[in-house]
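Peer 1: Next input, structure requested:
(2 chains)
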Amino acid sequence: MNQPASAYFLEEQKTPNETHTLSVLVANEPGVLARVIGLFSGRGYNIDSLTVSETEHQKHVSRITIVTTGTPMVIQQIKHQLDRMIPVYTVVDMTLTGRSIERELAMVKVRGSGEPRVEALRLAEAFRARVIDASTESFVFEITGNTTKIDQFIDLMKPLGLVEVSRTGVVAIVRGPEGM
Amino acid sequence: MSDKNHDPNQMTGAAMIVRALKDHGVKHLFGYPGGAVLPIYDEIFQQSDVEHILVRHEQGAGHAAEGYARSTGKPGVVLVTSGPGATNMVTPLTDALMDSIPLVCITGQVPTHLIGNDAFQECDTVGITRPCTKHNWLVRRIEDLPQVLHEAFYVATTGRPGPVVVDVPKDVQFATGTYHPPRKSDVHVSYAPRVKGDAAQIRKAVALLAGAKRPVIYSGGGVINAGVEASKLLRELVAATGFPITSTLMGLGAYPATGANWLGMLGMHGTYEANMAMHDCDVMLCVGARFDDRITGRTDAFSPGSKKIHIDIDPSSINKNIRVDVPIIGDCANVLGDILQVFKAEAKKPDVKAWWQQIATWKARNSLAYKKNNDVILPQFAIQRLFEATRGKDTYITTEVGQHQMWAAQFFGFDEPHRWMTSGGLGTMGYGLPAALGVQVAHPDALVIDIAGDASVQMTMQEMSTAVQYELPIKIFILNNQYMGMVRQWQQLLHGNRLSHSYSEALPDFVKMADAFGCVGLQAIKPGDLDGAIKEMIKVKKPVLFDCRVAALENCFPMIPSGKAHNEMLLPAEANDEATAAAFAGGKALV
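Peer 2: Alright, predicted model coming up:
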């Protein structure tokens, strides 16, 4: 008797996964982040990146930016599940707007001397990364850009003595005069 | 300077809680005292507007409140202490979330300065109950308490109803503050469930309904939740269209079982005609149901040729399991009213005579048939006799979970909404007995029967003591086959008949047990005993444990094996070993 691997009769995925960036405005109250994260873990959704900070202090509003991966049906489900939470004001699928700007900030520590050190500095310049700390055998670069650019920069630093990376995750905003 | 003693709105947190209950029209609450709720119990002691029902275990309080809510349409209210009091509520909260039952649960918490210290009877109540409530609050300041209490009632009862928890530390219960009655600004501005359906979508839906050749209406618990008005409108729509109608387990009673267009329940243990109609229909109108896996069977083979209209108040129910063509977000009563209006104004009653003929051939298969037996009581027969004996009476039925629950759904006919209380989504064994308590509290003169199994009923049996204390004459009708019947059925069908731990070798003597509780014990062993014993059970004005000894190895059919489609049902007449083995091949890992 052949036995399926899953507890449910899952349809074979006919539709490929998509990556979407969601902006979520929430009331800044205790537990709100736990609710959002609990939703993702409880229902088995992916979180590729998550950033959160209060954006309007007077109104106690925080903005959460989530990058997630799933089939279009799952992405739609995620948006509905977020939207029905009591402290959630709005959920906007930045990817669907087609006009969103996304940025990440990363701090990249590279250790080395001689030619690799010079090469690291040269590449940093090309990527418009700033040196925010330096010692005789190391640099810390600050770089801002979209995820691909930062990934690329980190890859280039690997053979040049990459020690560690700290990055913020994606924040996003829509172009033009309108707010969300 | 004003004298604080003269301001009637100055009161302690504990007094605010009791006051808020009154302001929200609460007549009964179910609870269990403990250290962290003593100030609230002290307030309860000093008033008589809200009656407190003392249960024997917090889980019992939760299910009793669910039964209360389900049978009245009002929120059920629970009061429990911190720590174990709160953790014992996790099952009923999850149950209420799955079945969209409005519950307001107030939990005590250790004083704010001890939170996080692993204090005695401390637990992270809001953390633990976050995934099993619609929303929850930890109230750290007395200033926030009145607003949170009012918002809790609002959130529990509006939109898609659900359970909420308000966790109140003991020092906040003692603190004094200013109470205010419910007001609009108590609610998060971000919470605004949509009630009215989109007019353009409603037109699209009516156009589909008007052009249907093989339509089916599939209704669910949402119609019950939307109130008696929704059931009335559903009946009108069925009459106006002439369409056949089926319902989920949760939706039974919205359309009467005696109605001409009734196909019976659908799904895993639904009737053949209901499932075949779902599979072969060209237009499906889903009202307040959520395409759960017990309904759809195999999703990629679910009703392949139909256009689907889905009415639901919760946008996240749309396209979750099954892609639909015309989603309508809104309250069932509101949307059904609009559809009916547009349909009557613009559409003619479609000709569905050929479709009804097709349905008649499926009905003729008689999928609920069972072999009669003169020596032992068959569970199906017991429920039919119970149903006959209760006809014309003001009857409410609750169930536990398992074979008896499915037989009750198949063989007990419900003609009105709010008469059928069962744990559908979570499938909680032990739900029915305390739920019956709650129903009886709300309807003291009604006949309230828990159709139970011998295994389930032992999970919350202690609540018989509550029934005796409050003179609640609930009837616990136990279909006793000494097995966890549904577990055994699956072991027989899927696990080579290896009956691993599904047989109870040491059952209590339920009649003696009734005696010990101070209620009435009855027993029926032979089919001939049944009618007399049932009559006696109904006559007695005390709680009854009815030990109905039924055929030990009877199984529940018809059945859609999990992972199969609606048109691959196993009918009782065909359920021989070979057919069963073939039908269940490959389904072992499914639930």
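
Peer 1: Just the pLDDT for the residue in chain B that chain A sits nearest to.
Peer 2: Nearest residue of chain B to chain A: residue B:316, at 3.6 Å (C-beta to the nearest C-beta). For glycine as for every other residue, the C-beta is placed from the backbone atoms N, C-alpha and C. On pLDDT, residue B:316 comes in at 96.

Peer 1: Count the neighbours of the residue nearest to it when sequence neighbours are not counted for me.
Peer 2: Leaving aside its sequence neighbours, residue B:316 sits nearest to residue A:80 (C-beta to C-beta, 6 or more residues apart in numbering or on different chains; 3.6 Å). Neighbourhood size, residue A:80 [other C-beta atoms under 10 Å in any protein chain shown]: 18.

Peer 1: tell me the contacts of the residue of chain A found nearest chain B?
Peer 2: As assessed by C-beta to the nearest C-beta, chain B sits closest to residue A:80 within chain A, at 3.6 Å. Neighbouring residues of residue A:80 by C-beta atoms under 8 Å, 6 or more residues apart in numbering or on different chains: B:314-316, B:318.

Peer 1: Residue B:281 versus the residue lying closest to residue B:175 once chain neighbours are set aside, what's the distance?
Peer 2: Ranked by C-beta to C-beta, 6+ apart and with sequence neighbours excluded, the top spatial neighbour of residue B:175 is residue B:142, at 4.0 Å. In this view, residue B:142 and residue B:281 are 57 Å apart by C-beta to C-beta, to the nearest Å.

Peer 1: same thing with residue B:378?
Peer 2: Distance of residue B:378 to residue B:281, given as C-beta to C-beta: 33 Å.

Peer 1: got it, and residue B:522?
Peer 2: Taking C-beta to C-beta, one finds residue B:522 at 45 Å from residue B:281.

Peer 1: Those two: which is more packed in?
Peer 2: Shown here are residue B:522 and residue B:281; by other C-beta under 10 Å, residue B:281 has more neighbours (24 against 21).

Peer 1: that older thread, which residues sit in contact with the residue of chain B closest to chain A?
Peer 2: Counted by C-beta under 8 Å, 6+ apart, residue B:316 has contacts A:77, A:80-81, A:83-84.

Peer 1: Selection in ChimeraX covering whichever of those residues are buried, please.
Peer 2: Selecting only the buried entries of those in ChimeraX, with 16 or more other C-beta atoms under 10 Å in any protein chain shown as the criterion:
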select /A:77,80,81,84
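
Peer 1: and the longest strand for chain A?
Peer 2: In chain A, with assignment by DSSP state E, the single longest strand is strand A:100-111.

Peer 1: what comes up buried for that strand?
Peer 2: So, applying 16+ other C-beta under 10 Å, buried residues of strand A:100-111: A:100, A:102, A:104, A:106-111.

Peer 1: what's the answer for stretch B:503-512, then?
Peer 2: residue B:510.

Peer 1: For it, which outside residues touch it?
Peer 2: Under C-beta under 8 Å, 6+ apart, the answer for stretch B:503-512 is B:454-455, B:458, B:478, B:480, B:482-484, B:488, B:521-523, B:545-547.

Peer 1: Mind checking which of these land in strands?
Peer 2: Among the contacts of stretch B:503-512, the members that lie in strands (by DSSP E) are B:478, B:480, B:521-523, B:545-547.

Peer 1: can I get those in TSV with pLDDT and distance to residue B:205?
Peer 2: Converted to TSV, the ones in strands among the contacts of stretch B:503-512 look like this (pLDDT from 0 to 100; distance: C-beta to C-beta, whole Å):
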residue	pLDDT	distance to residue B:205
B:478	98	45
B:480	98	47
B:521	98	53
B:522	98	50
B:523	98	53
B:545	98	48
B:546	98	46
B:547	98	50
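
Peer 1: Now rank the residues you listed by neighbours and give me the top one.
Peer 2: Of those, with other C-beta under 10 Å as the count, residue B:545 tops at 30 neighbours.

Peer 1: Tell me who's in contact with it.
Peer 2: Residue B:545 sits in contact with B:464, B:476, B:478, B:510-511, B:513-514, B:517, B:519-522, where contact means C-beta under 8 Å, 6+ apart.

Peer 1: Try it again at 10 Å.
Peer 2: Contact partners of residue B:545, counting by C-beta atoms under 10 Å, 6 or more residues apart in numbering or on different chains, are B:433, B:450, B:452, B:457, B:461, B:464, B:467, B:474-478, B:508, B:510-515, B:517, B:519-523, B:537.

Peer 1: Which of those fall within helices?
Peer 2: B:433, B:464, B:467, B:510-515, B:517, B:537 (DSSP state H).

Peer 1: Out of these, which comes closest to residue B:384?
Peer 2: For those, the minimum distance to residue B:384 (C-beta to C-beta) is 15.5 Å, reached by residue B:537.

Peer 1: Could I get the buried residues of strand A:100-111 in JSON lines, plus columns for distance to residue A:34?
Peer 2: Shown next, in JSON lines, are the buried residues of strand A:100-111 (distance: C-beta to C-beta, whole Å):
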{"residue": "A:100", "distance to residue A:34": "26"}
{"residue": "A:102", "distance to residue A:34": "25"}
{"residue": "A:104", "distance to residue A:34": "24"}
{"residue": "A:106", "distance to residue A:34": "26"}
{"residue": "A:107", "distance to residue A:34": "27"}
{"residue": "A:108", "distance to residue A:34": "31"}
{"residue": "A:109", "distance to residue A:34": "31"}
{"residue": "A:110", "distance to residue A:34": "36"}
{"residue": "A:111", "distance to residue A:34": "37"}
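
Peer 1: In TSV: the residues you listed, plus distance to chain B.
Peer 2: Formatted as TSV, the buried residues of strand A:100-111 follow (distance: C-beta to the nearest C-beta, whole Å):
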residue	distance to chain B
A:100	22
A:102	25
A:104	28
A:106	32
A:107	32
A:108	36
A:109	35
A:110	41
A:111	40
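
Peer 1: need the residues you listed in JSON lines with distance to residue B:157 and pLDDT, can you?
Peer 2: Listed next are those as JSON lines, based on distance: C-beta to C-beta, whole Å; pLDDT from 0 to 100:
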{"residue": "A:100", "distance to residue B:157": "38", "pLDDT": "96"}
{"residue": "A:102", "distance to residue B:157": "40", "pLDDT": "97"}
{"residue": "A:104", "distance to residue B:157": "43", "pLDDT": "97"}
{"residue": "A:106", "distance to residue B:157": "48", "pLDDT": "98"}
{"residue": "A:107", "distance to residue B:157": "50", "pLDDT": "98"}
{"residue": "A:108", "distance to residue B:157": "53", "pLDDT": "98"}
{"residue": "A:109", "distance to residue B:157": "55", "pLDDT": "98"}
{"residue": "A:110", "distance to residue B:157": "59", "pLDDT": "98"}
{"residue": "A:111", "distance to residue B:157": "61", "pLDDT": "98"}
